[in-house]
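[1] coords please:
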Amino acid sequence: MARVLIVDDSPTETYKMETILSKNGFEVVKAENGEEGVATAKKELPDLVLMDVVMPGLNGFQATRLLSKGKETSHIPVIIVTTKDQPTDKLWGKRQGAKGYLVKPVEDAVLIDAVKKVMDGAVLI
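    Numbering: from 1, shown residues only. Modelled structure (predicted):
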């Protein structure tokens, strides 16, 4: 069973994504902010990370950069899942090392499709 780390400071968004992933056979690990997300990714080594952007402290772009450049985490693909929907945001996410970019609210099928494609090696931005 593939493990997905959700990094989001919104309990509601985390619950929604966790529910979608769980009912589609994924194991879910959670973190509430960027710092916790990076630490959890290093400890748990998930198969994929879903990363919010707007969080207190270390934001999602910064956390994505740390994961994609980190020796022990660079192999873990990151999909940014955020309300930020400007082309410049997507470009910045890609430059930080993200493999996908989804805009909230995300439909169940879109989330699962993106997770599966990125885990298979696709880049969706």
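
[2] ok, the residue nearest the centre of the chain to residue 71 distance?
    Taking Cα atoms, centre = their mean, the centroid of the chain lies closest to residue 50, which sits 1.6 Å from it. Separation of residue 50 from residue 71 (Cβ to Cβ, to the nearest Å): 22 Å. In short, each C-beta sits where N, CA and C put it, glycine included.

[3] And for residue 33?
    Distance from residue 33 to residue 71, by Cβ to Cβ: 22 Å.

[4] Those two: who's more crowded?
    Per other Cβ atoms under 10 Å, whichever of residue 33 and residue 71 has more neighbours is residue 33, with 19 against 7.

[5] Look up which helix or strand the residue nearest to the more buried one when sequence neighbours are not counted falls in, please.
    Take residue 33 and drop its neighbours on the chain: the residue closest to it by Cβ to Cβ, 6 or more residues apart in numbering is residue 55, 4.9 Å away. Following DSSP states H and E, there is no helix or strand that holds residue 55.

[6] Residue 55 against residue 8, yeah?
    Yes - using Cβ atoms under 8 Å, residue 55 is in contact with residue 8, at 7.4 Å.

[7] neighbour count winner among those two?
    Set residue 55 next to residue 8 and count neighbours by other Cβ under 10 Å: residue 8 wins out with 27 against 23.
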